[in-house]
Structure formats: C-alpha cells, structure tokens
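Undergrad: just need the structure, nothing else, for what follows:
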Amino acid sequence: MKTHDLESSSNSPLLPPPPPPPHHRRRYLLILLPLATILTFIAVLCRTPTSSLTVSTPISRGPVAGVSEKSTSQLLASSTAYPWTNNMLAFQRTAFHFQPQKNWMNDPNGPLFYKGWYHLFYQYNPDNAIWGNITWGHAVSKDLINWLHLPIAMEPDRWYDINGVWSGSATLLHDGRLVMLYTGSTHTSVQVQNLAHPADPTDPLLIHWVKSDAHNPVIVPPKGINFKDFRDPTTAWYNSELGLWYLAIGSKNDSADHAGTAFVYSTRDFVHYELVPGLLRFVVGTGMWECLDFYPIHIEEAVGLDTSVRPGKSVRHVMKVSLDNDKHDYYAIGRYFQENNSWVPDDPELDVGIGLRVDYGKYYASKTFYDQDKGRRVLWGWTGETDSERADLLKGWASIQTIPRTVLFDTKTGKNLLLWPVEEVNSLRFSSKNFSSLQLTAGSVKPLQIAGAATQLDITAEFEIDGSSLEAAIEADVGYNCSTSGGAAGRSALGPFGLLVLADSDRTEQTAVYFYVARGTDGLLKTYFCHDELRSSKANDIVKRIYGSTVPVLDGEILSVRILVDHSIVESFAQGGRTCITSRVYPTAAIDGAAKLFLFNNATDATITAKSLTVWKMGPALMRPFDM
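TA: I've put the predicted structure just below:
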C-alpha cells in the first residue's frame, strides 16, 4: 500500500479536494474561535474593571478540532474573576524555564541536536495567549538552558495542514540528512502525516523549512480509524538487515472497549510508506493515544541509546503515551519484537496507560530525543496553565516547558525510569546555604533563613524518621491516597512531612512538597510523595489539586527529594527521580521578597530529621531573539 497515493489506496479513506487558496485561513480561524473566548477578549480590550468580570465556562476548542483539551479553564465553571494586579501577573513569568516571549505554547516537537545546537520546536499560537492557529515555534541552545528564539519554522499554509501544524518528530538519517514528520489537520480536519525537511541542511540553525508539496500527505488514516484519531508520528528507527525505517503513530479504535492503539509504518525513503500488519500495542479502556514515544533503554548501564538500537539482552523498549482521556503521560517498559511488530510489557499490571506515569502533576505531551553529543536520552514536557484564560490574556502568555530531564533505567528497582534535571541547569546556581540535622517534632513548622526572595531555588533534602517512631507505628493505614486524604493538613503517625515553598511569612499561601509513610495490613511500610496546591494561592479562579503517588524506597535508603522552584512552577523529584511531580501555582501574597521557605512535620507520633538540606539560589537563564 502506498499511503501517499490517496486515490489508489484501498486501506485509506479518500480525502476531499484541496480548499480555496490559503490566504482565506484567517477567516476560517475567526469563524472557529469560540464565542466565550471572543467575548472575554473584547472585555479585556475594553478594559472592563477586573472586579466586575465573571468568567463563564469556555467552549472547549481542542476536542472539537480533534486534539486534547488545551485548557483547564473548563474546570473552573462560573466564578468571579480574581483582581489580579500587574505585579502578580508579572511574577508568574519564569526565570529559567523555557517559554516564548509571548502568546500560547503547548507540545514540544522535534527536539534534536544538530551541528552543535540543540533545537526545540513547539506548538505555538503567534497571535494570542490561547490555543489556536497552531504553528511551529523554534528556538536553539548550546546547553538546553539558555535559548535563542528563531523565526517560526512552519505555518498552517497548505490544504493538508491549514487547520494546524501539529506535533511531530525529527529523524536524523545515517548520512546526516534530517527529516521531520508532523501531523497536519486538513481543511476538513482530517489528521494526516506530512513530510518536511531543512531548506538548507548546511545551516546549523535550521531556520528555513520546506514542506514536501509533491508528496504530502504521506500517510493518511487507515481503514476503520476516525479521521480525528490519528496523530503525532514518532522518531523513526532503522532496521539495517531489511533497509527499512519504522515509525509509530497513536490512535484509538471505534469499538466499545475504547482501546488506545499504536500503528507502525515502514519506509525506505520517507515518501512511500507501508502499514505494518498488526498493532505494536493496544490497551483496552485507555482511549486516544497522543504524543506516542517509543525508544530503547539500557537496563545495565547509565547511558542513553540511539533510537535505532535493536532489542537485546541488555536493551528494553519504553513506550510512552499521552492519554487524551485524563491528560496525563504514562509509560511502560517491555520487550520489542520487530519480527512480528509487537511490544510486550515486562509487567502486565504496569501496561501503557494503566501503570506508571512520567510525572504525577500538571505535565503532558512529553517527547524524548537521543543527544548524540553527550550520549544521553533527554525528555521534554509541556506544563500548561491552571488559571483562567482571562488571566492568560491579561498577562499575554500561556504555558511553559519543564526543565529537560535525562532518562535512565532504575537498575535498583528494575521496574521504573529515573528522570532527573539535565546537569546544565546546575550552572544557574550562584549561592547556597547548607543545613544539617534539623529535628522536627510532631506538628512543628520551621522557617529556613535564606537571603533574599525564595522564588528561584534548587533544593535538595534528605529526611529520616526516628527509628522508635517507626517501630511504634503499628496501626495499618491502608486507605491513603495523595489526592483524597487531606493533603498536607491530614495527619497520621508517620506523616506528612517535607517542605513548604512559595509561602508567605504567615503561611496563608504555601505549596507543600511532602512524604507520607503508611503501614499496610501486611506490616510493611509504603511511602507516598505528594504536592498539595490547595493553599498555593488566595485566588479563586485557579484549579488547585493535590498530586502524587507512591515512590519505591529500598532497604537502607533514606528519603530524598530535589525541588526546582521558579515563580509559577514547582518541579520535584523523589528518590533520584523515581517519582516526579510538577505543579503550576499562582501566589498573590508569596511573591517577590515575601516568598519564604519552611520545613514542616505534620505527623502525630514521629520526629523527623532533615539530615541534610541545601538551598541554592538560581540565576535567570538567557532567553532572547537570535540576532539575525
């Protein structure tokens, strides 16, 4: 089957003829813009007093267009808008996390290292701070931390992507050539896969891109798949024996079991494709698989692997999906059998979409790439806003990318990944204060005296529970759940305890990052790691949650956490990155010099010792337009 040949493909639906010329695009987009968004924008332009505005539930744009919901604003229902001041809104802009100079951003796309530069492409609306008119933004870096903004890489200007240049992946060929496959939403909202390549491959900045008009779309939805359920091609991998490249695309079936699925296509030239028989994987009940990622991982050595490394004794494959159903990223580790196009999880109870999550907080659409310069695999992830779209319009931007993370197999547990901030972020540390052996009696809170505002921090801490407290805690606590068990205010024999970040001096605002240790009916201890945002802000037009899950703690290990604080984002990594949580928070009082840092122990029967704690102040990253 030649999936680019739309008229002759028996496995592919026929696409309608091309629409009128692309200069009509803006008119179409205006028609599609939700009425609630238009009214909100008009209110902003008219400078309606903040205190009198009421935010209505916005019309959902993403699912109507055929992609995941792009805002949590629909969860806010109708609420009186909080009177945000310019100072509060200005505080929310981060200092060392990647974000464009203005407007909306979502999924990271096509990250790669090319001719001495790291490249990040991303979903971007050049016109507004809400989702729509999706193009590919582009930035480059020498170190993954300091970024130069480049011109837009690709715009929705062809019939096959007029409704959006959506997510995609880069593949470096063995001869050094670079190809980019991305999903385009056509003039009738059919999701197709398109090919693009650099206009000048010798340009290390890859400023100009050429779409393959003679061949696009190169892949269209296969028979039996809904036109709006076929997107986000992966980086391709190579089989040298067959001389074929393979790539996967996420989807779901239309049957009652709502199984998420992964199709695989083969190609020799990235123009002509064959649908490989069977499914790489499907999991009943998981729904649409977005932003599929598929890559090998070494299970014995702490090294990254090129995407084309074949399965072997010391190599497993990670399958990661972004679930449209619940807007979270899940992964599983298993074995890839290319001979019959299948992937099988090592642990069926931890299958894709029902087991481990990449991050237990506000985190979605993640994408890895192999960094051949440093021999590592690096993960990008998008964290959207949890405030109102009205507030985003006022501040003029929405969404950021998390700090890039290295990806390794946890050889100690043998079951999970270790995700950790790239080493380059350490270059932003400019001063530190060390604490040791700080004892926290049950029910206590201890302020940590650090110079200046606690708004840009890198914190590492190790905690130990008093041994007698562990022995005395014999009552089983079988019902604990981070999201439903009271958060940091809940109390039990062995927790919660940890740190309060972005807190004001009276702790009327605080974001709690904490551990909770529970004893099961079998007498064994289980450790939970959580974020509590419920008191993170006095504002009412914000979605506030308690996030978290269990974290493996092996015999002889002490509890450890690393926390990156950057104005409106808190990223935490427990036990070396076994469990990660990202929160977006919007303090109104705990901003600038009023932001403080505390230790707390809300256990009822345990003394907790912070054995070691280091707080680094973080400088800003350099982010500016590239001087053309």
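Undergrad: pLDDT averaged over stretch 466-485 - what is it?
TA: Regarding stretch 466-485, the rounded mean pLDDT is 77.
Undergrad: show residues contacting that stretch.
TA: By CB atoms under 8 Å, 6 or more residues apart in numbering, the residues outside stretch 466-485 that reach it are 360, 492-494, 516, 518-521, 525-526, 528-530, 545-549, 603, 605-609. In short, each C-beta sits where N, CA and C put it, glycine included.
Undergrad: do I have it right that residue 66 meets residue 228?
TA: Yes: counting by CB atoms under 8 Å, residue 66 does reach residue 228; the two are 3.4 Å apart.
Undergrad: hang on, the earlier thing: what about burial for the contacts of stretch 466-485, which qualify?
TA: 360, 492-494, 516, 518-519, 526, 528-530, 545-549, 603, 605-609 (16 or more other CB atoms under 10 Å).
Undergrad: what is the burial count for residue 593?
TA: 9 (other CB atoms under 10 Å).
Undergrad: per-residue pLDDT, the closest residue in space to it that isn't next to it in sequence?
TA: Excluding the flanking residues, the one nearest residue 593 by CB to CB, 6 or more residues apart in numbering is residue 453, at 4.8 Å. pLDDT for residue 453: 93.
Undergrad: about what we covered before: so of the buried ones among the contacts of stretch 466-485, which ones are in strands?
TA: Judged by DSSP state E, the subset of the buried ones among the contacts of stretch 466-485 located in strands is 516, 518-519, 526, 528-530, 546-549, 608-609.
Undergrad: out of those residues, which is nearest to residue 125?
TA: Closest to residue 125 out of those is residue 547 (27.0 Å), distances taken as CB to CB.
Undergrad: per-residue pLDDT, that closest one?
TA: Residue 547 is assigned a pLDDT of 97 by the prediction.
Undergrad: wait, what's in contact with it?
TA: 360-362, 482-483, 530-531, 533, 581, 583.
Undergrad: could you redo the last one with a cut-off of 7 Å?
TA: Going by CB atoms under 7 Å, 6 or more residues apart in numbering, residue 547 touches 360-361, 482-483, 530-531, 581, 583.
Undergrad: could I get the ones in strands among the buried ones among the contacts of stretch 466-485 as TSV with distance to residue 417?
TA: Putting those into TSV (distance: CB to CB, whole Å) gives the following:
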residue	distance to residue 417
516	22
518	24
519	27
526	20
528	19
529	15
530	20
546	23
547	18
548	17
549	14
608	28
609	29
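Undergrad: closest to residue 445 among those?
TA: The closest of these to residue 445 turns out to be residue 608 (CB to CB; 11.7 Å).
Undergrad: let me see the contact set for the closest one.
TA: By CB under 7 Å, 6+ apart, the contact list for residue 608 reads 440, 463, 465, 497, 601.
Undergrad: against residue 281, how distant is it?
TA: To residue 281, residue 608 is 42 Å away according to CB to CB, to the nearest Å.
Undergrad: swap in residue 428?
TA: From residue 428 over to residue 281 the distance is 39 Å, taken as CB to CB.
Undergrad: which one of the two has more residues nearby?
TA: For the pair residue 428 and residue 281, the greater number of neighbours falls to residue 281 (27 against 20), based on other CB under 10 Å.
Undergrad: surely residue 260 touches residue 287?
TA: Yes: using CB atoms under 7 Å, residue 260 is in contact with residue 287, at 5.7 Å.
Undergrad: how far is stretch 98-112 from where the chain is centred?
TA: Relative to its chain's centre, stretch 98-112 lies at 11 Å (CA atoms, centre = their mean, to the nearest Å).
Undergrad: and the contacts of it?
TA: Residues outside stretch 98-112 that contact it (CB under 7 Å, 6+ apart): 70, 119-131, 136-137, 147, 149, 167-170, 172, 180, 291, 365, 367, 369, 380, 382, 384, 396-401.
Undergrad: tell me the mean pLDDT for it?
TA: Mean pLDDT, stretch 98-112: 98.
Undergrad: could I get the buried residue list for it?
TA: Applying 16+ other CB under 10 Å to stretch 98-112 flags 98-100, 103-112 as buried.
Undergrad: between these, which is nearest residue 459?
TA: Residue 459 has its nearest neighbour among these in residue 98, at 20.7 Å by CB to CB.
Undergrad: how far away is the closest one from residue 67?
TA: 21 Å.
Undergrad: before we move on, what about residue 149?
TA: Per CB to CB, residue 149 is found 24 Å from residue 67.
Undergrad: comparing the two, which residue is more hemmed in?
TA: Taking other CB under 10 Å, residue 149 and residue 67 do not tie; residue 67 has more neighbours (28 against 16).
Undergrad: give the contact list for the closest residue to the more buried one other than its chain neighbours.
TA: Once flanking residues are discounted, residue 67 sits nearest to residue 166: 6.8 Å by CB to CB, 6+ apart. Contact analysis of residue 166 by CB under 7 Å, 6+ apart lists 67, 123, 134, 182-185, 231.
Undergrad: many thanks, we can stop here.
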